[in-house]
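1. sequence and predicted structure are below.
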Number of protein chains: 2
Amino acid sequence: MALAGGIGGARFLRGLRAAAPEAEITVIGNTGDDITLFGLRVCPDLDTVMYTLGGGINEEQGWGRTGESFTVKEELLAYGVGPSWFGLGDRDFATHIVRTQMLAAGYPLSAVTEALCDRWQPGVRLIPMTDDQVETHVVIDDSEQGGQGRRAIHFQEWWVRLRASVPAESIALVGAEDAKPAPGVLEAVEAADVVLFPPSNPVVSIGTILSVPGVRAAVTAKTVVGVSPIIGGAPVRGMADACLTAIGVETSAQAVAELYGPELVNGWLVAEADSGVRVEGMRVRSRPLLMSDPEATAALARAALDLAGELA
Amino acid sequence: MALAGGIGGARFLRGLRAAAPEAEITVIGNTGDDITLFGLRVCPDLDTVMYTLGGGINEEQGWGRTGESFTVKEELLAYGVGPSWFGLGDRDFATHIVRTQMLAAGYPLSAVTEALCDRWQPGVRLIPMTDDQVETHVVIDDSEQGGQGRRAIHFQEWWVRLRASVPAESIALVGAEDAKPAPGVLEAVEAADVVLFPPSNPVVSIGTILSVPGVRAAVTAKTVVGVSPIIGGAPVRGMADACLTAIGVETSAQAVAELYGPELVNGWLVAEADSGVRVEGMRVRSRPLLMSDPEATAALARAALDLAGELA
């Protein structure tokens, strides 16, 4: 089984599915960056996993649907209704309309996700980390940039609208203390042979999932192999460095390994450039980490499974 | 001022605006055929008026947006989410998303309609008949057609899905007794020089508006001129005959005039073919009723205003 954020997690999972076609793979998806836009509930990470594994993803940008059009968004803007900075396409809108309608009818997000996956057949069991509403908020201070000053904003506003251009003073998962893991989450972790951490953001993706009460303890009891999201001091993609800086952690494969710690993560895959990483109690191995094509991605997943096999 | 249903009402209003460019026109719109689809509130008649007068209507079909695409609907169907029989296009979806979001935020439908009209600038003041939820339901019995038997269905299901192919045993406006006219409705009627009934459906459009408590009495106190929706025993467009049959009224300009009655309607415009219509206490005049082009429509509206002027 694996925990997963968005693009990096989804691509790794595609490789994992190819590397272990017979395995029953359960994926715990991050919902901390979910957001309500236009009255519709949007779950970016769950959808990226679902679309990627279901063959509906826009491969180039890594998120959203392929062959997408933007008629609804243009019309909403013609009514003066935004935000304009979040790229919801027409095909994607349908997903959020179905989700919102089911949520309003009383179905929990986990049941909704299962229903959406009925169409996409991702080949894995995708479970949101929680059915409760938790949201990652970021405290920024944009006084010097001529903004409104110190305040907490939704993660998406920081990530997508500001492109993390204003430093985060802190990052908080609002509602996490009272959240419960979605049905099946703890059971899936307990039943797993191994738990994989794809090269997802260690703060706002993997870290968020681990913040749901009960999840970290359950994962700690298992053999865990992680893939470093940092290569040679820089994120493979995205802006993980901005998130690490916000929690006082250096952007390096070494520092992320220490952030997770050997109690939680038993095996750690790093790039050749980071072969010097050492953490006592953690088995570190260097492998090509770039998921440049399906074969490279499958090889990376196989390396993670091999390392897990050694550790088990 | 005018009461209005959908297509026929909207086209007549366009003629009225051309015939009386200086007039302040208030339109009371029918909301009885509003329906919630995919969790979104759809107001077909209000939107047809708004799009027609705002230049966004699909002229050929008379409803929906021009240059429309159907990506969202196709995607919803790919999720197995219907109904498939209601033609919501992508541009149209945006209207319903804005409306639903505003309703959920607590705005009444009248305020939402005003906000939507801010974009469309229809050149009239469009007010829904009520802010309360009332829905036209139709009792049918499709046992003989192999259906589920005698039951009440939403008007749209009868009208759009069944195309009124199964006879209506009765038609009821659910929630009408407890509905209140929307703010401004009674004031607009009282302030009006004349109240016009376009050739809208006398049962499920004009009749529905008049069913909102207080509206019939207010309209009765004014000079009212109606345009017959029936020419030579057949509806000009639509399936008004099926609605008239359901309430036991013959499909004729004479019978509709009698249905309204001389206490309510003071002047009645009929086609040349119906020049024999006579109702005591009602001034009947025959004119070309076909709204075949903007000029013919404006001439019809002018004839209605002229008749009102004689009666005042």
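-> Perfect, I can see it now.
2. what sits against the residue nearest to A:Val134 when sequence neighbours are not counted?
-> Excluding its sequence neighbours, the residue lying closest to A:Val134 (CB to CB, 6 or more residues apart in numbering or on different chains) is A:Gly175, at 4.1 Å. Where C-beta positions appear, they are placed from N, C-alpha and C, glycine not excepted. Contact partners of A:Gly175, counting by CB atoms under 8 Å, 6 or more residues apart in numbering or on different chains, are A:132-135.
3. model confidence for A:Gly175, exactly?
-> Confidence at A:Gly175, expressed as pLDDT, is 95.
4. quick one: it from A:His154, how far?
-> 13 Å (CB to CB, to the nearest Å).
5. again, but for A:Asp34
-> 10 Å.
6. what of A:Arg287?
-> Distance from A:Arg287 to A:His154, by CB to CB: 36 Å.
7. which strand residues bridge A:Glu135?
-> Using DSSP bridges, the beta-bridge partners of A:Glu135 come out as A:Val174.
8. just checking, it touches A:Gln156?
-> No. Counting by CB atoms under 8 Å, A:Gln156 is not a contact partner of A:Glu135; they are 9.2 Å apart.
9. hang on, the earlier thing: shared neighbours, A:Gly175 and A:His154?
-> Joint contacts of A:Gly175 and A:His154 (CB under 8 Å, 6+ apart) are A:Glu135.
10. outside of the least confident helix or strand in chain A by mean pLDDT, which residues touch it?
-> Ranked by mean pLDDT, DSSP states H and E, the weakest helix or strand in chain A is strand A:234-235, scoring a mean of 90. Outside strand A:234-235, the residues that touch it by CB under 8 Å, 6+ apart are A:229, A:241, A:251.
11. for the residue of the stretch 151-300 of chain A found nearest chain B, list the residues it contacts.
-> Going by CB to the nearest CB, chain B is nearest to A:His154 of the stretch 151-300 of chain A, at 16.8 Å. Shown in contact with A:His154 (CB under 8 Å, 6+ apart): A:35, A:135-138.
12. show me the beta-bridge partners of it.
-> Beta-bridge partners, per DSSP bridges, of A:His154: A:His137.
13. repeat for A:Leu126
-> Going by DSSP bridges, A:Leu126 forms beta bridges with A:Val27.
14. surely A:Val72 meets A:Phe93?
-> Yes. Assessed by CB under 8 Å, A:Val72 is found in contact with A:Phe93 at 5.1 Å.
15. identify the contacts common to these two.
-> B:72, B:93.
16. and chain A, which residues reach chain B?
-> A:38-40, A:69, A:71-73, A:75-76, A:78-81, A:90-91, A:93-95, A:97-98, A:100-101, A:104, A:115-116, A:118-119 (CB under 8 Å from any CB of the partner chain).
17. can you say which of the residues you listed are buried?
-> Neighbour counting by 16 or more other CB atoms under 10 Å in any protein chain shown classes A:38-40, A:71-73, A:75-76, A:79, A:81, A:90-91, A:93-95, A:97-98, A:100-101, A:115-116, A:119 among the residues of chain A next to chain B as buried.
18. among those, which lie within helices?
-> A:71-73, A:75-76, A:90-91, A:93-95, A:97-98, A:100-101, A:115-116, A:119 (DSSP state H).
19. so which bits of stretch A:130-147 are buried?
-> Buried residues in stretch A:130-147 (16+ other CB under 10 Å): A:130-132, A:134-140, A:142.
20. same thing with stretch A:209-218?
-> Buried residues in stretch A:209-218 (16+ other CB under 10 Å): A:209-212, A:215, A:218.
21. quick one: the strands in the stretch 1-150 of chain A?
-> In the stretch 1-150 of chain A, the strands defined using DSSP state E, counting those that start in this stretch lie at A:2-4, A:26-29, A:35-37, A:40-42, A:125-128, A:135-141, A:150-154.
22. got the ones you listed as a markdown table, with mean pLDDT and distance to B:Tyr51 columns?
-> Shown next, in a markdown table, are the strands of the stretch 1-150 of chain A (pLDDT from 0 to 100; distance: least, CB to CB, whole Å):
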| stretch | mean pLDDT | distance to B:Tyr51 |
| --- | --- | --- |
| strand A:2-4 | 97 | 43 |
| strand A:26-29 | 98 | 40 |
| strand A:35-37 | 96 | 25 |
| strand A:40-42 | 97 | 23 |
| strand A:125-128 | 98 | 39 |
| strand A:135-141 | 95 | 37 |
| strand A:150-154 | 94 | 34 |
